[in-house]
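>>> here is a sequence with its predicted model. Questions after.
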Amino acid sequence: MKTAIIHDWLVTYAGAERVLEQILDLYPDADIFTLVDSIPEKDRGFLKGKSSTTSFIQSLPWGKKKYRAYLPLMPLAIEQLDLAGYDLIISSSYAVAKGVITGPDQVHVSYVHSPMRYAWDLQNQYLKESGLQRGFRSFFVRSILHYIRMWDVSSSNCVDHFIVNSHFIARRVRKVYRRESQVIYPPVDVEGFSMNDAKDDFYLTASRMVPYKRIDLIVEAFAQMPDKKLVVIGDGPDMKKVQRQAAPNISVMGYQSFDVMKDHMQRAKAFVFAAEEDFGITPVESMACGTPVIAYGRGGALETIRSKEQDSEHPTGLFFHEQTPQAIQQAVAQFEQDQALYKSTSCRTRAELFSAENFKNRFSKAVDTVYRAYQQDRNAQFDL
């Protein structure tokens, strides 16, 4: 079974690349295809020593760094990747990877992290954050996104089986593509974290500081609670905004090494998470440290964290249901009132459900089932 793995672009090591790393563990002889590959040699360990086949965008001016500017060309670029001769195609897609062209004798399984957020339900938020709500540039970008949406739907017909990273994304796939999908939660490096029962008197939030993560919201909430300490780890475009909002009870540490972040996750009394994520890895990492989570009750967090209403004996966190400072403050107050309910062992046990080993077992079984069904169907046709 000759296998090709398609990934949107290789420019960093983040959540989607962790999934890719585990898929490569399962299919070590697979070839990698991508639009752009700019991963430095020193950071390519997760690719298992493999090189990749890239699209023509790699050779365009500033293609490696400004690849997002070539969004209008991405559907064309992904369709030009030559996958002839491969039996199994696995795409890891949050943009256009699922749009590769495959033949009737090839099986295409697509792990969808999300349909393109900025082209679908988050279009207006994207335009607002980019200052593209009005004018000719807005009209131009909206036209491109309209074209992208039409292509995105039509290209979904080339996928034989969809796998998604949460029930939240399964609903998006059903809404956008009118296709059913199988939920397999992405791998979390649970083994890289160890549980700690001893907690210090501070709350933690850690993330890349981009608008939708709502770190500014968390900082604003704690600035109005001077008796509560907050540690903020991360860097990004919103860094200066967060620093301006910070009060004396808030420590903004900026980017930190993995070991420093892990140490704070282990010692924090709770992790605060205000984003609407497709899945959300950091809350699971916090639970792996034995640390409960105070999270916005939308998206993937609802599937990973267990509140006392869901599990009265083994809760691992609680939810607030509005992205406002007041809602976060009320949730913190409720957490401190019920703090004795949240056991480190319960958090760790919950996190272990999302281990890399569980992901690999479920993913390989799903792909094998789809491929065997295709072979049986093909053989049945030959028997007629």
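Good, I have the coordinates. Numbers count the residues shown, from 1 in each chain.
>>> residue boundaries of the helices in the stretch 201-350 of the chain?
Per DSSP state H, counting those that start in this stretch, the stretch 201-350 of the chain carries helices over the ranges 215-223, 239-245, 258-267, 281-288, 301-304, 325-337, 344-351.
>>> and the longest one, how far out from the chain's middle?
This means helix 325-337. Offset of helix 325-337 from its chain centre (C-alpha atoms, centre = their mean, to the nearest Å): 26 Å.
>>> same question for the first one.
Centre-to-centre, helix 215-223 and its host chain are 23 Å apart (C-alpha atoms, centre = their mean).
>>> how much does it deviate in direction from helix 325-337?
For helix 215-223 against helix 325-337, the angle by axes from the mean of the first three to the mean of the last three C-alpha atoms, to 10 degrees is 60 degrees.
>>> for helix 215-223, name the packing helices and strands.
Here helix 215-223 touches strand 203-206, strand 230-233, helix 239-245, strand 250-254, helix 325-337, going by 3 or more C-beta pairs under 8 Å, 6 or more residues apart in numbering; DSSP states H and E. (C-beta placed from N, C-alpha, C; glycine too.)
>>> avg pLDDT for it?
Here helix 215-223 scores 96 as its mean pLDDT.
>>> likewise the second one?
Helix 239-245 carries an average pLDDT of 94.
>>> kindly report the same for the third one.
Helix 258-267 carries an average pLDDT of 96.
>>> could you dump that helix to CSV, C-alpha only?
Output of helix 258-267 as CSV, limited to C-alpha atoms (Å, rounded to 0.1, in the frame of the first residue of the first chain):
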residue,chain,number,x,y,z
PHE,A,258,8.5,24.4,27.5
ASP,A,259,10.0,23.5,30.9
VAL,A,260,9.1,26.9,32.3
MET,A,261,5.5,26.7,31.0
LYS,A,262,5.2,23.1,32.3
ASP,A,263,6.4,24.1,35.7
HIS,A,264,3.8,26.9,35.9
MET,A,265,1.1,24.5,34.7
GLN,A,266,1.9,22.0,37.4
ARG,A,267,1.9,24.7,40.2
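>>> distance from it to the middle of the chain?
When distances are taken as C-alpha atoms, centre = their mean, helix 258-267 is centred 21 Å away from the chain's centroid.
>>> got the buried residues for it?
In terms of neighbour count (16 or more other C-beta atoms under 10 Å), helix 258-267 has its buried residues at 261-262, 264-267.
>>> list of residues touching it?
192-196, 198-200, 202, 204, 206, 231, 233, 253, 256, 271, 285-286, 289-291 (C-beta atoms under 8 Å, 6 or more residues apart in numbering).
>>> if we go to 6 Å?
For helix 258-267, the external contacting residues (C-beta atoms under 6 Å, 6 or more residues apart in numbering) are 196, 200, 204, 206, 231, 233, 286, 289, 291.
>>> now swap in the shortest one and tell me
The contact list for helix 301-304 (C-beta under 6 Å, 6+ apart) reads 166, 280, 283-284, 295.
>>> quick one: which of those is most hemmed in?
Counting by other C-beta atoms under 10 Å, Ala295 has the largest number of neighbours within those, with 30 neighbours.
>>> what's opposite it in the beta bridge?
Phe273, Phe319 (DSSP bridges).
>>> that one reaches Phe273, doesn't it?
Yes: if you go by C-beta atoms under 6 Å, Ala295 and Phe273 touch, sitting 4.2 Å apart.
>>> just to revisit the earlier point, farthest pair in the contacts of helix 258-267?
Farthest-apart pair in these is Asn196 and Ile233; separation 16.6 Å (C-beta to C-beta).
>>> more crowded one of those two?
The neighbour comparison of Asn196 against Ile233 (other C-beta under 10 Å) goes to Ile233, with 22 against 18.
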